[in-house]
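*Asks:* Curious how this folds, go ahead:
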Amino acid sequence: MSGKHLSDYDYPLEAERIAQEPALERDHARLMVVNRRTGELLHRRFFEITEFLRPGDLLALNDTRVIPARLHAVKEKGSEIEILLLAGLGDNRWEALIRGKVARGTRVILRTGEQGVVESLNPDGKRVIRFFMEQDFMTYLQHHGGVPLPPYINRNGDNRYSVLDRERYQTIYAKTPGAVAAPTAGLHFTEGLLEKIRGMGVQIVFVTLHVGYGTFKPVTVEDISAHRMDEESYAIGGEAVEAVHDAVREGRRVIAVGSTSARTLESAVDQGGRIVRASGRTGLFIYPGYRFRVVKGLVTNFHLPRSTLLMLTAAFAGKDLLDRSYQEARGMDYRFYSYGDAMLIL
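*Replies:* Numbering: from 1, shown residues only. Reported below is the predicted structural model:
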C-alpha cells in the first residue's frame, strides 16, 4: 500500500481499546518492539525497553511542559462554551479552539468571573480571544485551567480524575511550559528507568517542541502531500546539539522518544545529519517517502486513524509493516492513543 492517500490510514478500532486511564505504573504499559529489518514483532512491558538498547545509543526526549490550557466559560447570554488555548499572542491574547458557537465580539465570562472577548474568527476554525484580568495569565491558568485532555478521553465532569490527569498527562522530566498536548511517548518513563538506561551507557538528551495545533490538526485532503501543518516552536540546547553531532559522526543510533522529538531533530539538521538550526519554528510534515536524516529508532504510542502521527510512524516503520503491527496490536488487546501502550521501532 502506497500510503499517499488519506484513506490508506483508516483502521477499525473498538471503543474499549481506547485507553481512558494510564497504566497503574508508568513503565508497566505494554511495549511492542518492531524490527524494520526482519519484520519481527515482540511483546514486552515498557520497563523491558532496556533489552533493546545498547551502550552508545542516544535517546532524545521532548521536555516541553503541558499547560492547563482548557477553560470553561459562558457567553453573556448564558450558553456554555469550552476554550482550548493553542498559542499566546501577547497582551493576554490567545489563539484558541472554542467548542460552542461564537461570533466576533462575543463576550465570555470564565467561571471565576473574569471576562474575555472574541476578537476574530479564522477560516481554519481557530479563534483569537483577549482576556481581561490584572493577574498574570499563566498564573491564572495554573490555578484555574484544566488539563487539555484529548476528546477521546471521556471524563464527563468526573472530578475524581483531576489529580490523576494533572500528574500523569505530563512527563516526569517536563520542564519548559508551552505545550497544549502531551508528548505521549514520554509518559512511560520513570526516574528509575531513566537511571537504569543511563547506567547502561545510553546517552539521554532533551529537546523542546511545544506540542500545538500542528500535531493534532486533522488532515482533510485525500492526497496527503497537500496537507500543511501549522508551525510549532522548537529548541535544542548546546549540549544536545554536540551529543547528536557526535552520535551521527560515530555511527551510533539516535532514538527519538515520540514524533515530536523526531520532528524536532529532523527539522534542525542538514542532509548530512548536522544540526544547523538549533531553534525556530517547524511545520515539517513527515509521511511515507520521507528520508530520515538522523533518527534511527522511534518510541511512539498507537495513534489515531488519519492522523499526521500515524503517517510519520508509517514513514519510519514502512506502511505494510506498520499495518501488520497495528493489526496484531488490536488482536492482542493493546491499549491505544495517549494513555495507551507503546511501540519501539528499530
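
*Asks:* Grab the longest strand from the chain for me.
*Replies:* strand 80-90 (DSSP state E).

*Asks:* pLDDT (mean, whole number) over stretch 55-75?
*Replies:* For stretch 55-75, the mean per-residue pLDDT is 97.

*Asks:* Quick one: residues in contact with the helix or strand of the chain with the lowest mean pLDDT.
*Replies:* When the helices and strands of the chain are compared on mean pLDDT, DSSP states H and E, helix 213-216 comes out lowest with a mean of 84. Defining contact as C-beta atoms under 8 Å, 6 or more residues apart in numbering, one finds that helix 213-216 is touched by 86-87, 95, 97, 126, 150, 180-181, 229-232, 259-260, 283, 307-309. (Each C-beta comes from the backbone N, C-alpha and C, glycine too.)

*Asks:* buried ones in whatever helix or strand comes next after that helix?
*Replies:* Next along the chain after helix 213-216, taking DSSP states H and E as the criterion, comes strand 232-236. By 16 or more other C-beta atoms under 10 Å, the buried positions in strand 232-236 come out as 232, 234-236.

*Asks:* farthest pair in the residues you listed?
*Replies:* E232 and I236 (13.7 Å; C-beta to C-beta).

*Asks:* Give me the spatial nearest neighbour of T282, chain neighbours excluded.
*Replies:* S267 (3.8 Å; C-beta to C-beta, 6 or more residues apart in numbering).

*Asks:* no, scratch that, I was asking about E222
*Replies:* L6 is the one closest to E222 (C-beta to C-beta, 6+ apart), at 4.9 Å.

*Asks:* And for R253?
*Replies:* K296 (4.4 Å).

*Asks:* now swap in I153 and tell me
*Replies:* Q20 (5.9 Å).

*Asks:* for the one you found, helix, strand, or coil?
*Replies:* Following DSSP: H, G, I helix; E, B strand; the rest coil, Q20 is assigned to coil.

*Asks:* Next, count neighbours for it.
*Replies:* 16 (other C-beta atoms under 10 Å).
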